[in-house]
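A.B. asks: quick one, fold the following:
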Amino acid sequence: MAKVIWSDNLRQVLKREHGKGWSVRDHRGRVQLTRIFEDRSRSAVYLPLTWTADNATSILNTVAAIHDLMDSRKVSLKEAARLNTQALAEPAKSAKTVADKGWDAVAADFLKSRGDRRSSTLRDLKLRVERAVAVINQKPKPRDGMSVLEAYAAAYFKEMAPGGQGRKRNLNDVVAFLQFAVDRCGAPDRFLPPPKDRINELIGTSPTSTTERLTPPIKADQFTALLDALEADGRHDLKLAVALVGYLGLRPAELAVLRVGDDEKARVGSIKRNIQTMQQADKPPRLVMPLEIDGRNNEGARAIAQFASGLVKLPKALRKQIDLVEEKGRFQDVGAEFAQQLSRCKHWQAMFKADPRITPYSLRHGFAWRATVGQNKIPVRTTAALMGHTMQVHHRHYGAWVDEAAIEEAVGMHNAVVA
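C.D. replies: Coordinates of the predicted model:
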């Protein structure tokens with residue numbers, strides 16, 4: 001008799017809350033939900049709940065969630081049930097709360113969907129998602145997307161500079177996680193990320209300008225002085241590596257994919273392994289050419305010839321890391337070893353003492369400087385192609401170098417020709 005009473009009450013509440021056409025019944029101990037539409041067609045699904053009086057409230061809550069998903073997302077009963085039960089519904093007789101069990105499952109699904117990222121990206125992403133779940137499960141619990149981001153910022157942004165890449169990358173990953181939870185796992189719409197301007201408030205504004213934040217370029221005289229110092233120290237191997245990076249504008253890790261063909265032209269393959277590059281099938285290696293420096297007797301071209309001949313080799317430790325790329329599945333250690341080799345050079349140490357902002361990437365930026373601001377400028381499109389990035393990226397990183405002096409020089413040269 002008790003079973004009839006609780007189930008009858010359940011059906012009455014269901015009809016009162018959602019109207020006709022929604023019904024539940026016991027099917028071998030499981031809850032079967034049926035939706036009968038106006039044309040008398042019907043659809044049925046099983047809920048991850050046992051047919052017991054103790055689960056009456058859970059049954060009502062689950063049906064309500066499925067009803068709302070069908071209404072807000074315009075999806076079928078089966079799709080709404082999948083969205084609701086895949087990650088956020090509470091399994092029968094579970095001791096954990098819905099949020100605890102559900103958000104852990106959402107995190108697992110999200111990380112699985114990003115499994116094609118490179119290992120370092122996945123490592124950072126996993127940490128940020130774990131932090132986001134911890135924030136969502138803390139007390140008091142955040143109730144929407146904005147409060148999740150606010151709680152995340154309060155917990156983890158103390159050591160991250162306002163306006164910096166650290167805050168941006170953290171929030172971008174948490175935003176993607178929340179969007180995935182709503183779109184793919186049936187999280188309530190209130191967990192959708194807030195508008196971009198609200199997110200930017202949490203990122204903050206950097207106290208330094210874009211020009212100040214940009215890794216400074218190593219100018220031509222600094223670059224050639226470094227090469228001469230390495231020559232004097234007998235470090236012909238490291239000089240070759242530095243010359244290739246500086247004269248060709250390479251990312252240091254691109255030494256691993258630098259090849260010289262039978263046509264004596266140098267090309268580099270891709271070192272970026274992410275979802276965008278993986279979708280670009282058979283992208284050919286890009287042509288790289290040296291931007292020579294006056295008075296150095298085509299030193300860049302000679303470095304390419306030395307590399308191709310094998311008469312001068314890259315540092316042994318650097319070659320070891322290049323050989324390990326395929327086994328490790330990453331290129332970062334090649335760049336790290338290049339930086340390690342440079343850090344042991346006394347002349348580099350003196351350069352770093354004079355300007356602690358310089359990094360091995362300053363050699364690549366020196367290439368961009370000579371192409372963009374030097375006396376023999378080359379078109380931005382050509383420079384971007386040689387460096388292996390888009391014009392938008394080039395303008396974003398190097399546009400700050402076009403100051404008043406550069407503007408006056410360019411306009412003066414144009415007007416002089418016209419005159």
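
A.B. asks: helix/strand/coil for residue 409?
C.D. replies: helix (DSSP: H, G, I helix; E, B strand; the rest coil).

A.B. asks: that one: neighbouring residues, count only.
C.D. replies: 13 (other C-beta atoms under 10 Å). The way it works is simple: take the backbone N, C-alpha and C, and place the C-beta from them, glycine included.

A.B. asks: determine the longest helix present in this protein.
C.D. replies: helix 165-185 (DSSP state H).

A.B. asks: in that helix, what's buried?
C.D. replies: 167, 170-171, 173-182, 184-185 (16 or more other C-beta atoms under 10 Å).

A.B. asks: how about residues contacting the next helix-or-strand element following it?
C.D. replies: Downstream of helix 165-185, the first helix or strand assigned by DSSP states H and E is helix 196-203. The contact list for helix 196-203, computed with C-beta atoms under 8 Å, 6 or more residues apart in numbering, reads 146, 149-150, 153, 157, 162-163, 167-168, 171, 175, 193.

A.B. asks: now helix 196-203 against helix 165-185, angle please.
C.D. replies: Put simply, helix 196-203 runs at 140 degrees to helix 165-185, going by axes from the mean of the first three to the mean of the last three C-alpha atoms, to 10 degrees.

A.B. asks: ok so residue 44 is a strand residue?
C.D. replies: Yes. Assessed with three-state DSSP, residue 44 lies in a strand.

A.B. asks: SS state for the nearest residue to it once chain neighbours are set aside?
C.D. replies: Spatial nearest neighbour of residue 44, excluding adjacent residues (C-beta to C-beta, 6 or more residues apart in numbering): residue 34 at 4.4 Å. Secondary structure assignment for residue 34 (three-state DSSP): strand.

A.B. asks: ok so, going back, CSV for the contacts of helix 196-203, including distance to residue 323?
C.D. replies: Below are those laid out as CSV (distance: C-beta to C-beta, whole Å):
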residue, distance to residue 323
146, 49
149, 43
150, 47
153, 42
157, 40
162, 42
163, 40
167, 37
168, 35
171, 38
175, 39
193, 43
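
A.B. asks: quick one: which of the residues you listed has the lowest pLDDT value?
C.D. replies: When those are compared on pLDDT, residue 163 comes out lowest, with 84.

A.B. asks: could you measure from that residue over to residue 46?
C.D. replies: Distance of residue 163 to residue 46, given as C-beta to C-beta, to the nearest Å: 50 Å.

A.B. asks: and residue 76, by the same measure?
C.D. replies: Applying C-beta to C-beta, the value for residue 76 to residue 46 is 15 Å.

A.B. asks: repeat that for residue 244.
C.D. replies: For residue 244 relative to residue 46 (C-beta to C-beta), the value is 63 Å.

A.B. asks: so what's residue 182 up against?
C.D. replies: Here residue 182 is in contact with 188-189, 191-192 (C-beta under 8 Å, 6+ apart).

A.B. asks: follow-up on the earlier one: quick check, nearest of the buried residues of helix 165-185 to residue 138?
C.D. replies: residue 174 (14.3 Å; C-beta to C-beta).

A.B. asks: which stretches of the stretch 101-250 of the chain have low pLDDT?
C.D. replies: Residue ranges of the stretch 101-250 of the chain with pLDDT under 70: 101, 206-214.

A.B. asks: in it, mark out all the helices, start to finish.
C.D. replies: 119-137, 145-156, 165-185, 196-203, 210-213, 220-232, 236-248 (DSSP state H, counting those that start in this stretch).

A.B. asks: closest to residue 56 out of those helices?
C.D. replies: Closest among these, using C-beta to C-beta: helix 165-185, at 25.1 Å.

A.B. asks: care to break the protein down by domain?
C.D. replies: Annotated domains of the chain cover 2-87, 98-207, 220-418 [automatic domain parsing].

A.B. asks: how long is the last one end to end?
C.D. replies: Criterion C-alpha to C-alpha, to the nearest Å; first-to-last residue distance in domain 220-418 is 31 Å.

A.B. asks: about what we covered before: starting at the chain centroid, how far to the longest helix of the chain?
C.D. replies: Put simply, helix 165-185 sits 10 Å off its chain's centre (C-alpha atoms, centre = their mean, to the nearest Å).

A.B. asks: quick one, that helix and helix 145-156 angle?
C.D. replies: Using the same axes, to 10 degrees: helix 165-185 against helix 145-156 is 140 degrees.

A.B. asks: export helix 165-185 to PDB, keeping only CA atoms.
C.D. replies: Taking C-alpha atoms only, helix 165-185 is exported to PDB below (Å, rounded to 0.1, in the frame of the first residue of the first chain):
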ATOM      1  CA  GLN A 165      49.400  36.100 -19.600                       C
ATOM      2  CA  GLY A 166      49.100  34.000 -16.500                       C
ATOM      3  CA  ARG A 167      45.600  35.400 -15.600                       C
ATOM      4  CA  LYS A 168      44.500  35.300 -19.200                       C
ATOM      5  CA  ARG A 169      45.400  31.700 -19.800                       C
ATOM      6  CA  ASN A 170      43.900  30.500 -16.500                       C
ATOM      7  CA  LEU A 171      40.600  32.200 -17.200                       C
ATOM      8  CA  ASN A 172      40.500  31.100 -20.800                       C
ATOM      9  CA  ASP A 173      40.800  27.500 -19.700                       C
ATOM     10  CA  VAL A 174      38.100  27.900 -17.000                       C
ATOM     11  CA  VAL A 175      35.800  29.600 -19.400                       C
ATOM     12  CA  ALA A 176      36.200  26.800 -21.900                       C
ATOM     13  CA  PHE A 177      35.500  24.300 -19.100                       C
ATOM     14  CA  LEU A 178      32.300  26.000 -18.100                       C
ATOM     15  CA  GLN A 179      31.100  26.300 -21.700                       C
ATOM     16  CA  PHE A 180      31.800  22.600 -22.200                       C
ATOM     17  CA  ALA A 181      29.900  21.800 -19.000                       C
ATOM     18  CA  VAL A 182      26.800  23.600 -20.200                       C
ATOM     19  CA  ASP A 183      26.900  22.700 -23.900                       C
ATOM     20  CA  ARG A 184      28.000  19.000 -23.600                       C
ATOM     21  CA  CYS A 185      27.200  17.900 -20.100                       C
END
